[in-house]
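A.B. asks: Okay, predicted coordinates and the sequence, questions at the end:
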Amino acid sequence: LVPSPCTMLRSVLAVLSVVACANAYVAPGVFAPLAASRTGAVSQRPGMALRNSVSSAATLRAPVIKSEFVGNTFRVNTEAQLDQALNTIKMSLADGQKPVIIGLAADSGCGKSTFMRRVTACFGGEVKLNDIGRETNTLISDMTTVICLDDYHSNDRAGRKVSGLTALNPKENNFDLMFEQVKAIKEGKSIMKPIYNHVNGTLDEVEEIKPTPIVIFEGLHPFYDERVNELMDFRIYVDITPEVKFNWKVQRDVEERGWTVEQVEEQINQRKPDFDAYIDPQKKKADAIIEVLPTELEKDNKKQLKVNYVQVKGVENFEPSTLFDAGSDIEWIPNKEKLSFSKPGLKLFQKQTEWFGKPAQVIGMDGNFDKLSELVYVEKAFSETGSKFFGEVTQKMVEYDGQPGSSDGTGLFQTICSLKVREIYEKISKVKVPADEKVAA
């Protein structure tokens, strides 16, 4: 016997009413990685935007659901209205809850977008561009918002040609507005944020951003202004050596933006003095650093990478991940019968060090592995990864198979760092994020 649509809708509304009154954040287990590039992407999906305000209850004739969770009254008469109500509840803060603020600093072309998709995937739901029907840099999922700090550029591309300054120069960024809006988001308030259009280099019309339980600010200067830096609950820096950065920027700008190799090289050289002066020094403020270097296993090998995951000790709500034994210095070549890898080889390691005068533990990997499914063997050697069940690190890696870094330490340590961000969120908010354990080994 198949229930009628009306009966099914009533059942869904009953569940919705229970969920809405719960003092916990609910996210679905489904995850669909975002395949499209952030740059130049415009949502083609018709219908309502995720964050449009819900229609007034006085204008619709339908049963009423009162949500103590988000403080709204919903009248649901169609499937579209039901979807809108569900989205509003899932993306809203619980009463009294304030967003957890994460900062990610890195130069342009260093893989911030892929990294952020890995982070948002740990909180459940589909990761996609904010559905405003035009160009945007804002990524959203059920619990997260990722804001690109390029949106706080003071001038458009034409304006910077007049000023003669790069976007890395603090004079080309509106730190007063950045501080005001990061502070407002941390206080649980909505903002009207500017948009920098990477396609044509213009400053576009503003978009409304409503606070979600976790908000990530990524870009060139999240820690430069001390007022903004103090608002961060956790700080991540991606540190790419010049050689690797050049290779990555060629891949992105030539293949995705139509630049020539000469244009990429010219831009890097133009930006380097400002990068050294304003961007690179921010890494001393970071709590977790992912360093990407050329491999040391073979000279002049440009295809493989060595990746260090530097974890500062003593950071509130953050326990460093460990290879075998915390506090030990270790080098480990995995059993090739259990983890396939090609020449020139593969090595994992751990060492104790200092990061600008602060004690730190580094775990790292040099080389590439061949089969993602076998990574579970390496996962057994790690502890304090932030995973909720054994096999989750491997599962998250498999979900991004084929994406940049999926066969080397870049993807591995981005994944572990992402799971640690989820763990930090849970410690600060006292709210548990559901995880799908059906694939646990």
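C.D. replies: Received it, and whenever you're ready, just let me know what you need.
A.B. asks: make it CA atoms for all contacts and neighbour counts henceforth
C.D. replies: Fine.
A.B. asks: May I see the buried residues of stretch 372-382?
C.D. replies: 372, 375-376, 378-379, 382 (16 or more other C-alpha atoms under 10 Å).
A.B. asks: Same list (the residues you listed) but as a markdown table, adding pLDDT.
C.D. replies: Below are the buried residues of stretch 372-382 laid out as a markdown table (pLDDT from 0 to 100):
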| residue | pLDDT |
| --- | --- |
| 372 | 92 |
| 375 | 95 |
| 376 | 95 |
| 378 | 96 |
| 379 | 96 |
| 382 | 98 |
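A.B. asks: In this structure residue 367 contacts residue 405, no?
C.D. replies: No. The pair residue 367 / residue 405 is not scored as a contact, 11.2 Å apart, by C-alpha atoms under 8 Å.
A.B. asks: Please say which of the two ends up with more neighbours.
C.D. replies: Counted by other C-alpha atoms under 10 Å, residue 367 and residue 405 do not tie: residue 367 has more neighbours, with 25 against 20.
A.B. asks: and the closest residue to the more buried one other than its chain neighbours, what does it touch?
C.D. replies: Excluding its sequence neighbours, the residue lying closest to residue 367 (C-alpha to C-alpha, 6 or more residues apart in numbering) is residue 346, at 4.6 Å. Shown here is residue 346, whose contacts under the criterion C-alpha atoms under 8 Å, 6 or more residues apart in numbering are 333-334, 365-369.
A.B. asks: Could you identify the buried members of these?
C.D. replies: Counted by 16+ other C-alpha under 10 Å, the contacts of residue 346 give 334, 365-369 as buried.
A.B. asks: What residue, apart from its backbone neighbours, is nearest residue 155 spatially?
C.D. replies: Closest to residue 155 by C-alpha to C-alpha, 6+ apart is residue 172, at 6.3 Å.
A.B. asks: And residue 359, by the same measure?
C.D. replies: The spatial neighbour of residue 359 that comes closest, neighbours along the chain excluded (C-alpha to C-alpha, 6+ apart), is residue 313 at 5.7 Å.
A.B. asks: Report the contact partners of residue 164.
C.D. replies: For residue 164, the contact set (C-alpha under 8 Å, 6+ apart) is empty.
A.B. asks: And it, how close does it get to residue 103?
C.D. replies: 28 Å (C-alpha to C-alpha, to the nearest Å).
A.B. asks: now residue 223
C.D. replies: For residue 223, the distance to residue 103 (C-alpha to C-alpha) stands at 8 Å.
A.B. asks: circling back: got JSON lines for the buried ones among the contacts of residue 346, with distance to residue 425 too?
C.D. replies: Shown next, in JSON lines, are those (distance: C-alpha to C-alpha, whole Å):
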{"residue": "334", "distance to residue 425": "33"}
{"residue": "365", "distance to residue 425": "27"}
{"residue": "366", "distance to residue 425": "30"}
{"residue": "367", "distance to residue 425": "31"}
{"residue": "368", "distance to residue 425": "31"}
{"residue": "369", "distance to residue 425": "31"}
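A.B. asks: which one of those is nearest residue 318?
C.D. replies: residue 365 (21.3 Å; C-alpha to C-alpha).
A.B. asks: all strands of the stretch 301-441 of the chain, in order?
C.D. replies: All strands of the stretch 301-441 of the chain, identified by DSSP state E, counting those that start in this stretch, fall at 305-312, 322-323, 330-332, 346-355, 358-367, 382-383.
A.B. asks: The second one: partners in the sheet, and parallel or antiparallel?
C.D. replies: Meaning strand 322-323. As defined by DSSP bridges, the strand partners of strand 322-323 come to strand 382-383 (antiparallel).
A.B. asks: mind checking which helix or strand of this protein has the lowest mean pLDDT?
C.D. replies: Lowest by mean pLDDT, DSSP states H and E among the helices and strands of the chain is strand 64-67, with a mean of 34.
A.B. asks: confidence score at residue 96?
C.D. replies: With respect to pLDDT, residue 96 has a value of 78.
A.B. asks: Number of residues surrounding it?
C.D. replies: For residue 96, using other C-alpha under 10 Å, the count is 8.
A.B. asks: same deal with residue 398?
C.D. replies: 17.
A.B. asks: Skipping adjacent residues, who's closest to the most centrally placed residue in the chain in space?
C.D. replies: Computing the C-alpha centroid of the chain and ranking residues by C-alpha atoms, centre = their mean puts residue 116 first, at 2.0 Å. Leaving out its chain neighbours, the residue that sits closest to residue 116 by C-alpha to C-alpha, 6+ apart is residue 146, at 7.4 Å.
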